[in-house]
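Novice: I would like to see how this sequence folds:
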Amino acid sequence: ADGKADGDFKGVKQDIPFGLELVGEAADANMLQAQHYLGWCYLEGHCVGQDAAKATLWWQRAAVAEHGPSQWQLYRQFSQGAGLEKEAHKWLERAAKNGVEEAKKRLAE
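Specialist: So this is what the prediction gives:
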């Protein structure tokens, strides 16, 4: 065995910019998990410049397509902003509807 099946990728060249380009292409092709991942990259500044507004935009793209984890993230983002309680609650309800356990628990409180 070459070990790669166990996660041992010694000697394999990492190409983070190319990987991020592929994720971007997947996100542009409406792959919801890729859009969600890009949201995290922008929020955390992982491999891209940190930009909360871009993170929110990527999560919104996935959230309107009923991606529960992105809806939960939008709830978390909007619940921190003054005057955005109604918007936050909308995303909380949709996340719960789409099976996000944290959202279900929050609604039950």
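
Novice: Please enumerate the helices of the chain.
Specialist: Ranges of helices in the chain, per DSSP state H, are 16-28, 32-44, 52-63, 68-78, 85-97, 101-108.

Novice: do you know which of those helices lies nearest residue 10?
Specialist: helix 16-28 (17.2 Å; Cβ to Cβ). To be clear about C-beta, it is placed using only N, CA and C from the backbone, and glycine gets the same treatment.

Novice: angle of that closest one against helix 52-63?
Specialist: Helix 16-28 and helix 52-63 are oriented at 50 degrees to each other (axes from the mean of the first three to the mean of the last three Cα atoms, to 10 degrees).

Novice: what does stretch 34-52 rub up against?
Specialist: Defining contact as Cβ atoms under 8 Å, 6 or more residues apart in numbering, one finds that stretch 34-52 is touched by 16-17, 20, 23-24, 26-27, 54-56, 58-59, 61-62, 67, 69-70, 73, 77.

Novice: quick one on the thing from earlier: buried deepest among the helices of the chain, which one?
Specialist: Comparing the helices of the chain by mean neighbour count (mean count of other Cβ atoms under 10 Å), helix 68-78 ranks first with a mean of 23.

Novice: Show residues contacting that helix.
Specialist: Helix 68-78 is contacted from outside by 32, 35-36, 39, 52, 55-56, 58-63, 84-85, 87-89, 91-92, 94-95, 98-100, 102-103, 106, using Cβ under 8 Å, 6+ apart.

Novice: Count the residues that sit near residue 50.
Specialist: Using other Cβ atoms under 10 Å, residue 50 has 12 neighbouring residues.

Novice: Actually, residue 29.
Specialist: Residue 29 - counted by other Cβ under 10 Å - has 9 other residues nearby.

Novice: Against residue 20, how distant is residue 97?
Specialist: Separation of residue 97 from residue 20 (Cβ to Cβ, to the nearest Å) stands at 31 Å.

Novice: With residue 93 instead?
Specialist: The value you get for residue 93 to residue 20, if Cβ to Cβ is used, is 33 Å.

Novice: do residue 76 as well
Specialist: The spacing between residue 76 and residue 20, counted by Cβ to Cβ, is 23 Å.

Novice: And residue 73, by the same measure?
Specialist: Going from residue 73 to residue 20 by Cβ to Cβ gives 19 Å.
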